[in-house]
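In: Turn this into a model:
(2 chains)
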Amino acid sequence: MEQKLAEGLVDALHAAGVNFITYLPETRLSEIIPLLQSDPSFQMVPVGSEAEGVSIAAGAALGGKVVASYMEGTGVYVSCYNILTVGVRYGVPMLLLVSYVGSFADRRNSFLYVQRGTKLIPQLEALDVQYQVIRNGEGLERKVKDAVRMMNSLKQPVALLFTEDFTL
Amino acid sequence: MIRYDCFEWLAPQMTDQIVVTWLSGQRVEWAHLSKRDADLNLGSMGNALAVGIGLALALPHRKVFVFESDGSVLLSLFNLPTLANLNPPNMAVFVFDHQAYSGTRVSYPSETAGKADLAAIARGSGIEHAVTVTELDDFKKEATDALNQSGLRFVVCKIEETVGHRKITRSNVDLLETKYRFVRYLERTEGKPIFQGRG
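Out: Model prediction:
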């Protein structure tokens, strides 16, 4: 991802009021990590599994933080139990920042990733998690704010799936 | 050591500490003995420790107690290195280890009935104060220290498998009601909005 796009995403998260992020590094969006770490308005929590990333974020949300959990698309599969049992069933607002690996517009797509991409949206729909696919930086701040408003209104996890320009 | 005896002693000691519990007999017994809004009964295995971490990080000025079990910790062992590295000084984890997967109809040995030692795994993950207690007096000492001192504690409490919780009438308070009660309590005591009607 180009640096300017990474900066745009971080600015959008800041503008939307996100202040607590769990993360497990991956390849597509990784440029945002040092930017997030260098901004003291974000409490950054590295995790060893997307499953605990979701549950830690849920705890922080119940404690008053505006939370996001950043993961590769594969992390949705890893954390679906936590998304369901804590996020969906308990009704906890959280923003899932997901790199949409293996999607049509994933510029690094290959046989390694494609199965994970084609089944990601059915997985989210099975969990009844609302989502939007983000392809480029156009209107990024508005789209992130929309997602945060949706998660707070719904009191549920909401996912943003990043592909195309974000996968370069 | 009997879990109910531990809870019966600890419940009256609690003031404004947050308590996160998970599932099964532990949840039933604690909910029976403690009627505080600061109790968060999650009702799912493998999540209490991580949710407790999130609460401890979000509210560093409050003490967070997490009640776990052997089966629940084994389900989410990746929590332990994360907990060690984050090292929240306001968090105390008590793992009630009865060495069994115990439900209403089954009892089958867990890995801690074999060779696994959860306190050793926690120490190996980097948690400095990770101990095992087998007697009620030792539990009381660890819990008293957790109430009065700062510093991450991970205490494995070896308990007997009991079925007393099956005789306790189950609460009709569902998960959403528990969540709202807990969050509204935090809003009152922290003096800030958490869940708002608008996005």
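
In: Let's verify residue A:71: helix, strand, or coil?
Out: Of the three states, residue A:71 takes strand under DSSP: H, G, I helix; E, B strand; the rest coil.

In: Residue A:79 is in contact with that one, correct?
Out: Yes. Residue A:71 is in contact with residue A:79 according to CB atoms under 8 Å; the separation is 7.0 Å. The way it works is simple: take the backbone N, C-alpha and C, and place the C-beta from them, glycine included.

In: any shared contact partners between the two?
Out: Listed as contacting both residue A:71 and residue A:79 by CB atoms under 8 Å, 6 or more residues apart in numbering or on different chains are A:50, A:53.

In: which bits of chain A sit near chain B?
Out: Within reach of chain B by CB under 8 Å from any CB of the partner chain, chain A has these residues: A:20, A:43, A:45-49, A:51-52, A:55-65, A:67, A:81-82, A:85-86, A:89-93, A:148-153, A:155.

In: what about burial for those residues, which qualify?
Out: The neighbour count (16 or more other CB atoms under 10 Å in any protein chain shown) marks A:20, A:43, A:45, A:47-49, A:51-52, A:55-65, A:67, A:81-82, A:85-86, A:89-93, A:148, A:150-152, A:155 as buried among these.

In: Return the nearest residue of chain A with respect to chain B.
Out: In chain A, no residue comes nearer to chain B than residue A:59, which is 2.3 Å away by CB to the nearest CB.

In: A strand includes that residue, no?
Out: No. Counting by three-state DSSP, residue A:59 falls outside a strand, being helix.

In: could you say which helix or strand contains the closest residue in space to it that isn't next to it in sequence?
Out: Of all residues not flanking residue A:59 in the chain, residue B:54 sits nearest, at 2.3 Å (CB to CB, 6 or more residues apart in numbering or on different chains). Assessed by DSSP states H and E, residue B:54 sits inside helix B:48-58.

In: try residue A:159
Out: If you go by DSSP H and E, residue A:159 is part of strand A:157-162.

In: Spatially central residue (nearest the centroid) of chain A, please.
Out: With distances taken as CA atoms, centre = their mean, residue A:97 lies nearest the centre of chain A, 0.9 Å away.

In: Can you tell me the closest non-neighbouring residue to that residue?
Out: residue A:70 is the one closest to residue A:97 (CB to CB, 6+ apart), at 4.2 Å.

In: Over to residue B:32?
Out: residue B:168 (4.9 Å).

In: Single out the residue in chain B that lies closest to chain A.
Out: Going by CB to the nearest CB, chain A is nearest to residue B:54 of chain B, at 2.3 Å.

In: Quickly note the distance from that residue to residue A:138.
Out: 33 Å (CB to CB, to the nearest Å).

In: In chain A, where is pLDDT below threshold?
Out: Applying pLDDT under 70 to chain A flags no residue at all.

In: picking up where we left off before, wait, the residue nearest to residue B:32 sits on residue B:28?
Out: Yes. Using CB under 8 Å, residue B:168 is in contact with residue B:28, at 5.3 Å.

In: Could you check which of those two is surrounded by more residues?
Out: Under the criterion of other CB atoms under 10 Å in any protein chain shown, the comparison of residue B:168 against residue B:28 puts residue B:28 first, with 20 against 14.

In: What residues does residue 39 make contact with?
Out: Picked chain A for this. Contacts of residue A:39 by CB under 8 Å, 6+ apart are A:10, A:14.

In: Actually, chain B is the one I wanted.
Out: Residue B:39 neighbours (CB under 8 Å, 6+ apart): B:18, B:19, B:21, B:30, B:31, B:182.

In: What is the neighbour count of the last one?
Out: Around residue B:182 there are 23 other residues, counting by other CB under 10 Å.

In: wait, it sits on residue B:36?
Out: No. Look at residue B:182 against residue B:36 with CB under 8 Å: they stay out of range, at 9.5 Å.

In: and for these two, which residues touch both?
Out: With CB under 8 Å, 6+ apart, residue B:182 and residue B:36 have no common neighbours.

In: Can you get me the start-to-end distance on stretch A:154-168?
Out: In stretch A:154-168, first residue to last residue: 32 Å (CA to CA, to the nearest Å).
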